[in-house]
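Trainee: No sequence on hand, only this structure:
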């Protein structure tokens, strides 16, 4: 395939060849393990091969990291920030080829791939300022001649394990903050995106192996959008469409459940089905493509199983309105799918990691909020409405129980300045902005007689 | 025993009789379970009996609590603060009898009993102000015409399980904050201090049964004090003494390990042994008593086992310098004990919940810090020194790894304005002041198109 | 007048007689100056007389205060908080007679008088919690082996000068915070409300004379309400009514300018005029009264002049729709007044401290915001609307330029948890909650080589 | 002079010629006023000439700025941060020539000149992160169904007037923060450093003329260092030396008063005099120079007058130990000077903006603090000591009353992460880090019925 050879050109720009070493240990690229293959999900052809690290390689790396941590934590935080700034500049210089690699290896469209690399760059810039603001406190003591302080110190080593769907942005959220906080970072990328791991690692250059001190989880989503009867329908339809089919339904913030007020149910569904029918599916690196392939063959198998399960729930109205099929091709392409179903169907409570949207009906706000909150996951949620009172109920103590509570914007699109994460089965941790940095440090209360 | 009958008088003041109902469910005192006995640890005689709740009672209570939570969370936080202020005033009016009950039933001296009730009162006052400061944030959005907020909402129901050694202060730390945050509180007191649970509960009046939404652990301590060669020795000796024998060694912040610089080792040890020999052991309600009984018969058995283990480590220098015996009496009295031992003895890594102090020698600051950090627990730690550079090393990234890092004050004596808790096996949670309130709420990032 | 003699009864409860000493200096009531008379604005009869302090008395008091400040600033902040808590409790015990005195001497209705005293009590409770949260910061240093801190220390002496319209709440906003911050407070009350100054001072007991270290101004308001075409008209009318006639138009947050969208102009104006015609004007201590007298004879003269000026602007449509007259009585009663006028009339830019409301028309939001912002003052402002987009524009960078920006609530009714104050000619200072406490302390950046 | 022609080379690099236009108005360089001359203080020869703006030019510029402000404030803050990041990168690319220009035109040594430009670059990086953290608050409302927010909005236009001694760093402190806060910035540089103003402005490119909305003053210093008897003398002497002679005594943080404990008085003074005798005075662009010229001829005249005044105070011990003369040369060179004087001499209270150090004796800490606080200015202050208790007294409520309170480091050397400024005659404002950004925005309390 001709465009494939072009791709190899940009790979060279970021230091990748047809065979590569998969881990960076103690200042050098080194790996003595077996060989894995990086596969293009649009064609299922090999992009390149990667040699993995052995357990012994890992041990050596961790030992080196532990030594480095002792020095790194004593460097002034703003100086650590300056180094993170330089990492950001190095990534900025390679933004385009890195973004294309994300698209090539993961399967998301190229605009999303570049956007993901941009997010690490933004995190670097953010972390530079943050390095001067990792503030402790001086708290008034109740005892005469005493002072009380709250001091933040580094944890030492922070491990980051990232999944295939955001092969580098999630690293950025964690590593940039962890580094300015004074920690060394050990990164374990997804096994199916080894090239991105190497290419970004060659710039970050501190990534070795997997080991956790403190556990910060960001797990599954199963996110809902609610459309009220007074919503701006045009805005809602466009938002739902991108939230449901973007990244071929493989974002943790993908919209999977859609609750429509009964009065606008048919209207929204008709418009949405219209968009689904026109969507361009294909090579994610090509201009105009909106939906790329699923990431792996086994994702396609999961999609098939999910569709079968939906069909088995016919008693709960499990009816496929559009899509539902795997496309005939060498790659992992499936049709974006809309399913009309009852809100009490079992499948609705589970997260199917593919572009499948369940649509359900409701009669009033209280019912819609209860439905939104009725699944074990709690990451993201959105409402479309024009009424202030509805907005404030939605964000209040009896509103959405998710970590992200959007209004008139889709479930995806979190910014780095906020804290990203959710409650319940989603894990409870928070990454990126706000006070998330506290999760990468340990706190001491320092009391002193003066 | 004459003084015992006097005690019964003050018990009436706080509504206790010879038989009592042990749980408050859905607005009334109600318990259909079996009967337990509250025992005076100074005499092992019965104070009173308490009827426990059954599982059915619990379920009823939890159901009622769940209903109450829906209303409580919609009351404005400052109004919730006003109710907590009234709880504080009600406790203030009963400070003396409640403090004496803590002393009678737990065994700590009466000044400590009253101090503990005072701490709930202080927490109430603190929570009143806090109820106007449970602030979320408005964070600049990177997108035109968007706003981003961070909103804090109540969790719903918060369960508090307290241990015998602080039968009510720990409730105060948790419940006062949890209540102003908009949660209902379910309290399960220690099985051996049922009367305190009832007496305080009669004022708080919201306590029912055990159930956790979020888990905030404050576990064991095994805290060390380091004395440098330049320390104010007189100040250090007095501080160590109270930190090691206070509450008969049953505080989570009790000093259990003492590291002395070799140049002042004999001097400090001599002075300390002098104080241990004079300490008055006896009825905790009597004036002049410094050390009361251990809380239960089984605590005495643990003490005996611990002393035997120490003696078995003679090869590590396990030598008892003073104390080491159980006193002849009806109550649970033991001798405060000093043990000279090597820092590599296995017993030093474990927390013996009794007034046993391990003393060890060191040569320089780095060694002392490494020893302080060498146990699995990480709650509290202190250093005595007059050198600024030593102080700043002690609180820095390569200093103490505990949650409380004191200078020239003992390991005990945390204030409510700070965050109480520690890292490693201590659990990682934080209670009381600073931003601990965030642990009693859930956070949502609210994004809106404007 | 019979009710007058009843009043004298409650005055005794708070320690007032027919003659009183007007200043509390160095621990005792003492004043060697001339005598002033406290007058009831409902009858213009004497309530009591007060002896004022001389310059020498003031100097003595200030000297004593300066000595006291040296001690007070070294008392731990939470202990200072405990003393403020006790002040709050002492005021709580006298809430009713103090509130009635405010009503009697200032002329506001009794519910407002009690509300004002309650506000000091709330501030006391708030300040208790705040006394544990006057936090400095530990900021990461860019230099190796350095630490950087931000420390807050007391100013020393803080002077508070209060005006007649809130004779005690404004003291509470300032004094409660200033005290827990470690300052001594010198209070100079309004010359026309000497009895309130004495009665509250007898409880606060630290008030002496006038002297400022730092200057925090809260000046005039001239506040506007905007009613959009999509507003809840019933809610808007009721809110405007109370905001315009409450405290006889003598609040700094009184609504003085009303901007109505042309489509609902007549409707709102008709409903409002209906309410104005029914309002009960009379003795503020009597049940059912909504509008009491103006505070002084000279206020009545200002009202007359203002009405004359309005009439002179007939070319700008200065037309009195309702009210406009002084009532025949011994007291200082005037009619609440609605004036239809063009927004370019000069009188609209000035604050007439009386119940006079200017009503104007507008066509769209941009015009309404421009009109709201077109006066020199910038304290409070409100909009009534049901559209989220309008709300967010109103609070954004090109929206209202006032310190208080309300939505669907009137211009009055600030809470102590927020920072009270405004920009432009209003002065720029902030009192009460949020980070206003920083205005009562001085900040030092502490840098240290470690 | 040969080196002079070399200088002209680097001036070209940053766009300067022998004649230059002095103001950038509405997108172009434009000035119709008279011509001023930029003079090299080492030679008093002309570097280049600059045409100044007329009042009409200013008015045009301000009008354009006002229009630009309306757009700039609606750009998302993180996007404004991205533009400030690019400004920082542009300055980084010209760091060396800009730093050399500062040295050439102002007269400070080249390392300081480069350091000053670096400080703007650091401020840019800091401001990028800050642009995502200009956080408002959501504050709990005391009223049911109400929400209360604290919103920060831009001021619009911010004027910055900088002095000759830090011709560009002070711009950086203010402009970087003001820009990300959403303001347009109007810069008026010092009249004697027009080339730096132009060169930096060519990169910032938003500078027009002078106009203030809010006033933030950073005025004079007159800063003291205290050396206790237990100080590290070597560290103290080196620190005093650089703090007193650096930038030829023309920093606002220059040490002008030195208080020595009587027991180490002679020792410190002897060591200090030794350093003064060796210091290399000369061309600031030359390697090895420590002290450059004073900035202008009139600075030299002020120095002469100051020395005469000192000599006239012989009754207060006004004795010149070393220095005291103007050097024979074409430039503005003077000798760094040490003066032994009594602490009650009048000249000590005034700031002589030249390298003149007053040395005085004290007996104990209380006396030293009182002396430190005895001048009208309150910017910076330092103590050298090894005792923790002394340190904590120094930073406490009865310690130094300055805005910067250093320990074991000199009076100069503030970091951008802290807030820079001081109390008393110094002005009270704060620039650079911490919460200084709030001075560049206006705050609104937003209350809403929900």
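Mentor: Yes, it's here. In this text, all values refer to a predicted model and were calculated from it rather than measured experimentally.

Trainee: I'd like the distance between the closest residue to residue A:327 other than its chain neighbours and chain D.
Mentor: Among residues not flanking residue A:327 along the chain, residue A:333 sits closest, at 4.0 Å (CB to CB, 6 or more residues apart in numbering or on different chains). Where you see a C-beta, it was placed from the backbone N, CA and C, and this is true even at glycine. Taking CB to the nearest CB, to the nearest Å as the measure, residue A:333 and chain D are separated by 36 Å.

Trainee: so residue A:333 makes contact with residue A:295?
Mentor: No. Residue A:333 is beyond contact range of residue A:295, at 11.6 Å (criterion: CB atoms under 8 Å).

Trainee: quick one: which of these two has more around it?
Mentor: Of the pair residue A:333 and residue A:295, residue A:295 is the one with more neighbours under other CB atoms under 10 Å in any protein chain shown, namely 26 against 22.

Trainee: May I have the secondary structure class of the more buried one?
Mentor: Using DSSP: H, G, I helix; E, B strand; the rest coil, the structure places residue A:295 in coil.

Trainee: State the phi and psi torsions of it.
Mentor: phi -70, psi -40 (degrees, to the nearest 10).

Trainee: Isn't it up against residue A:165?
Mentor: Yes. Between residue A:295 and residue A:165 a contact is recorded at 7.2 Å, counting by CB under 8 Å.

Trainee: Name the residues contacting each of those two.
Mentor: Taking CB atoms under 8 Å, 6 or more residues apart in numbering or on different chains as the criterion, residue A:295 and residue A:165 both touch A:106, A:250.

Trainee: Get me the contact residues on chain A for chain C.
Mentor: Taking CB under 8 Å from any CB of the partner chain as the criterion, the neighbours of chain C within chain A are A:74-79, A:131-144, A:146, A:149-152, A:386-388, A:391, A:407-408.

Trainee: about what we covered before: tell me how far the residue nearest to residue A:327 lies from residue A:305.
Mentor: 17 Å (CB to CB, to the nearest Å).

Trainee: Out of the residues of chain A next to chain C, name the ones that lie in helices.
Mentor: If you go by DSSP state H, these have A:77, A:78, A:79, A:388, A:391 in helices.

Trainee: The residues you listed: which two are farthest apart?
Mentor: Using CB to CB, these reach their maximum pairwise distance at A:79 and A:388, which is 47.2 Å.

Trainee: Mind checking which of these two has more residues around it?
Mentor: The residue with the greater number of neighbours, taking residue A:79 and residue A:388 and applying other CB under 10 Å, is residue A:388; the counts read 20 against 15.

Trainee: Now do the more buried one against chain B, distance only.
Mentor: Computed as CB to the nearest CB, the residue A:388 to chain B distance reads 11 Å.

Trainee: Distance of that residue relative to residue A:259?
Mentor: In this structure, residue A:388 and residue A:259 are separated by 20 Å, where distance is defined by CB to CB.

Trainee: Residue A:279 too?
Mentor: Residue A:279 is 22 Å from residue A:259, where distance means CB to CB.

Trainee: Residue A:228 too?
Mentor: As it turns out, when the distance is counted by CB to CB, residue A:228 lies 10 Å from residue A:259.

Trainee: list residues touching both of those two?
Mentor: Counting by CB under 8 Å, 6+ apart, the common neighbours of residue A:228 and residue A:259 are residue A:368.

Trainee: circling back: ok, the ones in helices among the residues of chain A next to chain C vs residue A:327, which is closest?
Mentor: Proximity of these to residue A:327 (CB to CB) peaks at residue A:391, which lies at 40.1 Å.

Trainee: Identify the residues contacting that closest one.
Mentor: Applying CB under 8 Å, 6+ apart, we find residue A:391 in contact with A:383, A:385, A:407, B:448, C:388.

Trainee: Return the list of strands paired to the host helix or strand of the first one, each annotated with direction.
Mentor: Secondary structure assigned from DSSP states H and E places residue A:383 in strand A:380-384. Its sheet considered, strand A:380-384 pairs with strand A:223-227 (parallel), strand A:404-407 (parallel) by DSSP bridges.
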